[in-house]
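Undergrad: Fold the stuff below for me.
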Amino acid sequence: MKRFLPIFTAALCLLTGCIAAPPVSSSSSTPSPTPTPAPQSEASAPSQAFDLHAYYELPDSVVIRDTVDGRTQLPFNGFAMYNLKELFGRLTDGQWEEAEALVCSTPGVFDQFAGVQISDFVIRELEVQDEKTMVYFDLTVEESDNPLFAVGTTPWVAKLTSFDRNWAEYILPQGSSVSICYFASLQPVEQFCFRLASYLPDLRGTDFSACFDRSDPYVMYQAVDAACVILNSAGLPDVPDTPETKSPAAFCDRMEAVFGVDLRDVDLTQYSGYQAYGMMVPVGKGGRWVYAAIAESTRDEAHNRFTVTMDLYADTVCWVKAQTLRYTVGVNEDGSFRLLEVEQLYDSGHPLEMGSV
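TA: Next up is the predicted model:
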């Protein structure tokens, strides 16, 4: 029910002409810090057709820059704004476990912030874009033993989306940013590695046959299903989905080319995707992903190979890094990718945060 409150309140305000809400601050006893100017950008004048202050439940003192000319409908991220205020409202109350539940599915990830005491959160400015909204705010921290949260009043920025689960692309001190793979425009080899991390996150070393465990049919066919998705991003020659082009034999050829794994001794006709469609295609109709960002991406022209280093997170707003993986990828004669090695450079012990549709 709470997720609909911002939209309901906005609609009520538009109908009745109500006055905007009182200033957004998580603490009534702590005076608001001196506003820190947000980065200026070219933007059109705020739309007169919609009261965005009422929609986001923000006071008139908050500057709202609407970059959409001739807006015909309200933004779709009122739920994200509600969650942002809920997140920092709980943090200023010292409720880290409750705040953690808004951005992480695994309890205990935010235990490392136990020494952080936040006293106030004040929104200064919004830049409302077509699909996302940048929120500039000041965060006041009284005590901290974590480098993410500097003591004092510092400017932060949140990039809100229109999605329910991953409602913020990041929430970080101003001047920092993370380009999450799920939202970013990736190079083909980076997209290939992102799919690898999302669908087969346990791949390590140079021999990937262990991931396709023949002693456990359930595990093996789950890996086969993941491989069916990954092969679509491996740069293989584009072919139509037919029983011939997506046959078990053709699938084995592609697996050997991309993973160096021979599955010709496996009865792939028992794979549920094949049984459902008569072809080696993924069973799932949605998708899944890890919360990850490309840390480094290079190409060795002399050896025609790529190295992609990726940071993977334990939460949806990129506060806790879970792992860092380095993928080394070669190129086959037909231009497709061949996975050569996966190295784990860092491991916090926290599980990866996963998204899905």
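Undergrad: From now on I want contacts and neighbour counts done on CA atoms only, so please keep to that.
TA: Noted.
Undergrad: what's the span of stretch 332-352, first residue to last?
TA: 31 Å (Cα to Cα, to the nearest Å).
Undergrad: ok, now how distant is A292 from G70?
TA: Distance check for A292 against G70: by Cα to Cα, it reads 35 Å.
Undergrad: more neighbours, the two?
TA: Neighbours were counted for A292 and for G70 using other Cα atoms under 10 Å; A292 has more, 29 against 13.
Undergrad: does that one have beta-bridge partners, and which?
TA: Here A292 sits in beta bridges with L312, as judged by DSSP bridges.
Undergrad: OK, contacts around it?
TA: Going by Cα atoms under 8 Å, 6 or more residues apart in numbering, A292 touches 180-182, 194, 310-313.
Undergrad: Kindly report the same for E190.
TA: So E190 contacts 294, 297, 308 (Cα under 8 Å, 6+ apart).
Undergrad: Quick check: closest non-adjacent residue to the first one.
TA: Just to be clear, that refers to I294. Of all residues not flanking I294 in the chain, M310 sits nearest, at 4.6 Å (Cα to Cα, 6 or more residues apart in numbering).
Undergrad: Also the last one?
TA: In space, not counting the residues next to it along the chain, V308 is nearest to S297; the distance is 4.5 Å by Cα to Cα, 6+ apart.
Undergrad: is it fair to say the one you found lies in a helix?
TA: No. The assignment for S297, made by DSSP: H, G, I helix; E, B strand; the rest coil, is strand rather than a helix.
Undergrad: For stretch 153-168, measure first residue to last.
TA: The first and last residues of stretch 153-168 sit 22 Å apart, counting by Cα to Cα.
Undergrad: now stretch 210-226
TA: End-to-end distance for stretch 210-226: 14 Å, by Cα to Cα.
Undergrad: Contacts for that stretch next, please.
TA: Residues from elsewhere that reach stretch 210-226 (Cα under 8 Å, 6+ apart): 199-200, 202-203, 266, 271, 273, 281-283.
Undergrad: pLDDT value on D238, please?
TA: Predicted confidence (pLDDT) for D238: 89.
Undergrad: Use 45 as the first number from now on
TA: Fine by me, first position is 45 from now on; the one you just mentioned is D282.
Undergrad: Figure out the helix or strand that it lives in.
TA: Assigned by DSSP states H and E, D282 belongs to neither a helix nor a strand.
Undergrad: Can you identify each of the strands in this protein by residue range?
TA: Along the chain, the segments classed as strands by DSSP state E run 107-110, 161-172, 177-187, 196-204, 212-217, 332-334, 336-344, 349-357, 365-375, 381-391, 398-400.
Undergrad: Quick one: list the elements packing against the second one.
TA: Spelled out, it's strand 161-172. Judged by 3 or more Cα pairs under 8 Å, 6 or more residues apart in numbering; DSSP states H and E, the packing partners of strand 161-172 are strand 107-110, helix 122-136, strand 177-187.
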